[in-house]
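In: prediction below, plus the sequence it came from.
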2 protein chains.
Amino acid sequence: MATTMAEVARRAGTSVAVVSYVLNDGPRPVAAETRARVLKAAEDLGYRRNRIAAALRSGSSGLVGVVLPDAVNPYFAALGRELEKALTAVGKLTVVANSAFDPARQSDAVEGFLAAQVDGVIVVSAGGDEDPVARARAADTPAVYLHHRPPGSAAVLVAPDNAAATVMAVEHLRSHGHERIAFLAGPDDHGPVGRRLAGWRAAATGGALLRSEFTRAAAARLTAGLIAENELPRALVVATDEQAIGVLAAACAAGVGVPGELALVGCDGTPDAEFTAPSLTVTAQPLSTMAGHAVRRLLGAPPEEERLVAELVRRRSCGCPQPQLQ
Amino acid sequence: MATTMAEVARRAGTSVAVVSYVLNDGPRPVAAETRARVLKAAEDLGYRRNRIAAALRSGSSGLVGVVLPDAVNPYFAALGRELEKALTAVGKLTVVANSAFDPARQSDAVEGFLAAQVDGVIVVSAGGDEDPVARARAADTPAVYLHHRPPGSAAVLVAPDNAAATVMAVEHLRSHGHERIAFLAGPDDHGPVGRRLAGWRAAATGGALLRSEFTRAAAARLTAGLIAENELPRALVVATDEQAIGVLAAACAAGVGVPGELALVGCDGTPDAEFTAPSLTVTAQPLSTMAGHAVRRLLGAPPEEERLVAELVRRRSCGCPQPQLQ
DNA sequence: CTGAAAGCGCTTACAG
DNA sequence: CTGAAAGCGCTTACAG
């Protein structure tokens, strides 16, 4: 059996109340001498606080639930990593679930989080009709969307200016002399990729609109088909790095030179993009800042002043010279 | 305030004990008619069980802690994803922490898990002197290592036959006519990469032993240096896919043809390896099976009969023809 | 088959 | 500054 506060109290010759006051630094003051005795007793007994018991009484479990569409996708992996970092920094434990882009699983995951009495929920939406953040809030649990909010939801969303990112990508390809610039979007026009598409549309490049699922495999298949039909664009902005990796793989497999025959810019800016072959020029989203904003909103902070904007990172795939590998 | 069992009991005209029996399907039988009334009342009130309260009483929190060295590394990302899947299948919630290859953080993470009264902990060790699994077991919490156990630990480890995987990789490169085959290892020879190295040594290829940290950046730097010094091997087995991705990036940046000038085989077999440029031939570890074994051991199952062995997946980087993109 | 009650290990008003 | 006690929402022997 694990040591309890009662045992610590007995050894320190005081009450559990005082032990709690010492270990929590409040809410009542404790004499320095008593305090030292309690600390020593806790140390001697190897006391570890039972957070489940504390949670039941205090109403705060110290758990935050995070639902991601797919933790293997480099963008979500990186976002998840940043969230875990930000959450750890504020003393929360990160509970994760993958929705596999399935709205039903996403709702199940949030339902499980609520039963576990999480202190908050962060969801990167998989789209669909359900609004799990609204549901969490209905259960008095703080919740925010990060990156993607389902269509129609009015819940809090932390996201960068996605349209601006695509505009930046288009302008960069133009600076390389490209006029017709295609765009590889997702299956539908909701969410962040919809915004990125809107930015591309506004830039009026006259290039083709391409679509694939959000997997490298799907993007690779599409690209292989385009190459076979001789319909590959000369310049292409790709909505996500995950898809861009698939495009690169297909181009390499078919012997199509990047950037020579196909100039490419990605719109996520994941760590993966630096070490593709060739390295991927991206409009890099401020993942760490986004995670920080999401966590602070969850903790009750007001909306941030700071705008979230992507930054152009020039690498090889657009036609710029290969930068030094770091 | 959330609905409690007491409210459900009142509405159903029965006691909280009976509500608990119904909702948990035991441990006492309940008359069909009473059962129906309880279910209806719970439904009407939108009752959601408070698992924190249940945990305090029953001793099972439904939480399992997972510590990974780096959830952005494709191997650990894939392993984490499979663990989450296996854990969800048995009704557990997955709490994650990243150690960033820092043994101290790893121990802190496990300490946090124990305070949260997790039902078990799975750690992919970052190496070092600490034995967090032993620590968890000392606190009566089931715990296992997956993939990597720190040197000197005698705790349960779920891992495939890593030496056999490298032998397989070497043999495959030999079948392409290579004799001297180099090996890119990690900074030290502990853990799974140590086993992979042992397999390569046993295969006595006479090739060079190379080393880098377990990041794509480090492997890319090493490779760029080798190319500059004109010391790049013709054939290379790389301990991890993460490093292989770095090698590929450096080769591409320097215009070194793969597999023409450098034939490559990776030893993890992550999903990422299928869409590198060129696609990476690997000895693919049975990640899903490994995750399943780890979870079952945690739940108290005896060691599995089934041996965990990697499977050779032929793709382009070794010199085989590029397979059809899936 | 059902219910009153103890108790899991904390936190926190309340009284002293 | 300190302590006895209530209570968070469950689960589960125990008695009926």
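Out: That came through, no problem.

In: I'd like the next helix or strand past the helix or strand where A:Glu33 lies.
Out: Assigned by DSSP states H and E, A:Glu33 belongs to helix A:32-45. The helix or strand immediately downstream of helix A:32-45 is helix A:51-58, counting by DSSP H and E.

In: how close does A:Arg48 get to A:Leu23?
Out: Distance of A:Arg48 to A:Leu23, given as CB to CB, to the nearest Å: 11 Å. Yep, even glycine has a C-beta here, placed from its N, CA and C like the rest.

In: I misspoke; the intended subject was A:Ala185.
Out: Per CB to CB, A:Ala185 is found 54 Å from A:Leu23.

In: those two: which is more packed in?
Out: Legend: neighbour count by other CB atoms under 10 Å in any protein chain shown for A:Ala185 and A:Leu23, higher for A:Ala185 (22 against 17).

In: can you name the residues of chain A that neighbour DNA strand D?
Out: Residues of chain A found near DNA strand D (CB under 7 Å from any atom of the strand) are A:13-18, A:21, A:28-31, A:33-35, A:56-57.

In: between the residues you listed, which sits nearest chain B?
Out: Lowest distance from chain B to the residues of chain A next to DNA strand D (CB to the nearest CB) belongs to A:Leu56, with 5.2 Å.

In: in contact with that closest one: list those residues for me.
Out: Going by CB atoms under 8 Å, 6 or more residues apart in numbering or on different chains, A:Leu56 touches B:Asn50, B:Ile52, B:Ala53, B:Leu56.

In: equivalent analysis for A:Asp119, please.
Out: The contact partners of A:Asp119, taken as CB under 8 Å, 6+ apart, are A:Ser60, A:Ser61, A:Gly62, A:Leu63, A:Val64, A:Lys92, A:Thr141, A:Pro142.

In: show me which residues of chain A sit near DNA strand C.
Out: Listed as neighbours of DNA strand C in chain A under the rule CB under 7 Å from any atom of the strand: A:1-6, A:16-17, A:19-21, A:23-24, A:27-28, A:47, A:49-50, A:53-54, A:56-58.

In: is stretch A:35-50 anywhere near chain B?
Out: Yes: using CB under 8 Å from any CB of the partner chain, we find that stretch A:35-50 touches chain B at A:Arg48, A:Arg49, A:Asn50.

In: wouldn't the last one be in contact with A:Thr4 here?
Out: The one in question is A:Asn50. Yes: contact between A:Asn50 and A:Thr4 holds when scored by CB atoms under 8 Å: they sit 7.4 Å apart.

In: these two: who's more crowded?
Out: Using other CB under 10 Å, the more surrounded residue of A:Asn50 and A:Thr4 is A:Asn50, with 19 against 16.

In: what residues are up against the more buried one?
Out: Going by CB under 8 Å, 6+ apart, A:Asn50 touches A:Ala2, A:Thr4, B:Leu56, B:Ala115, B:Gln117.

In: narrow those to those in helices?
Out: Judged by DSSP state H, those include B:Leu56, B:Ala115 as members of helices.

In: pull the most distant pair out of the residues of chain A next to DNA strand D.
Out: A:Glu33 and A:Leu56 (31.5 Å; CB to CB).

In: how close does the closest residue to DNA strand D within the stretch 101-250 of chain A get to DNA strand C?
Out: Per CB to the nearest atom of the strand, A:Gln117 is where the stretch 101-250 of chain A lies closest to DNA strand D, at 8.8 Å. In this view, A:Gln117 and DNA strand C are 12 Å apart by CB to the nearest atom of the strand, to the nearest Å.

In: and A:Ile122, by the same measure?
Out: As for A:Ile122, its distance to DNA strand C is 24 Å (criterion: CB to the nearest atom of the strand).

In: helix or strand: which one has the closest residue to that residue other than its chain neighbours?
Out: Distances taken as CB to CB, 6 or more residues apart in numbering or on different chains place A:Val66 nearest to A:Ile122, at 5.0 Å, with adjacent residues excluded. If you go by DSSP H and E, A:Val66 is part of strand A:63-68.

In: how far off strand B:63-68 does that strand point, in degrees?
Out: Strand A:63-68 runs at 60 degrees relative to strand B:63-68, counting by axes from the mean of the first three to the mean of the last three CA atoms, to 10 degrees.

In: before we move on, the earlier item: out of the contacts of A:Asn50, flag the one nearest to A:Ser279.
Out: B:Ala115 (42.8 Å).

In: confirm that A:Val282 lies within a strand, as I assumed.
Out: Yes: assessed by DSSP: H, G, I helix; E, B strand; the rest coil, A:Val282 belongs to a strand.

In: burial check on the residue nearest to A:Ile122, number of neighbours?
Out: By the criterion of other CB under 10 Å, A:Val66 has 28 neighbours.

In: before we move on, back to that, and the contacts of A:Asn50, which is the shakiest by pLDDT?
Out: Ranked by pLDDT, the contacts of A:Asn50 bottom out at A:Ala2, which has 84.

In: isn't that residue right next to B:Asp140, touching?
Out: Yes: here A:Ala2 reaches B:Asp140: they are 7.4 Å apart, a contact under CB under 8 Å.

In: any idea how far A:Leu197 is from the residue nearest to A:Arg211 when sequence neighbours are not counted?
Out: Using CB to CB, 6+ apart and skipping residues adjacent in sequence, the residue nearest A:Arg211 is A:Ala185, 5.2 Å away. Going from A:Ala185 to A:Leu197 by CB to CB gives 5 Å.
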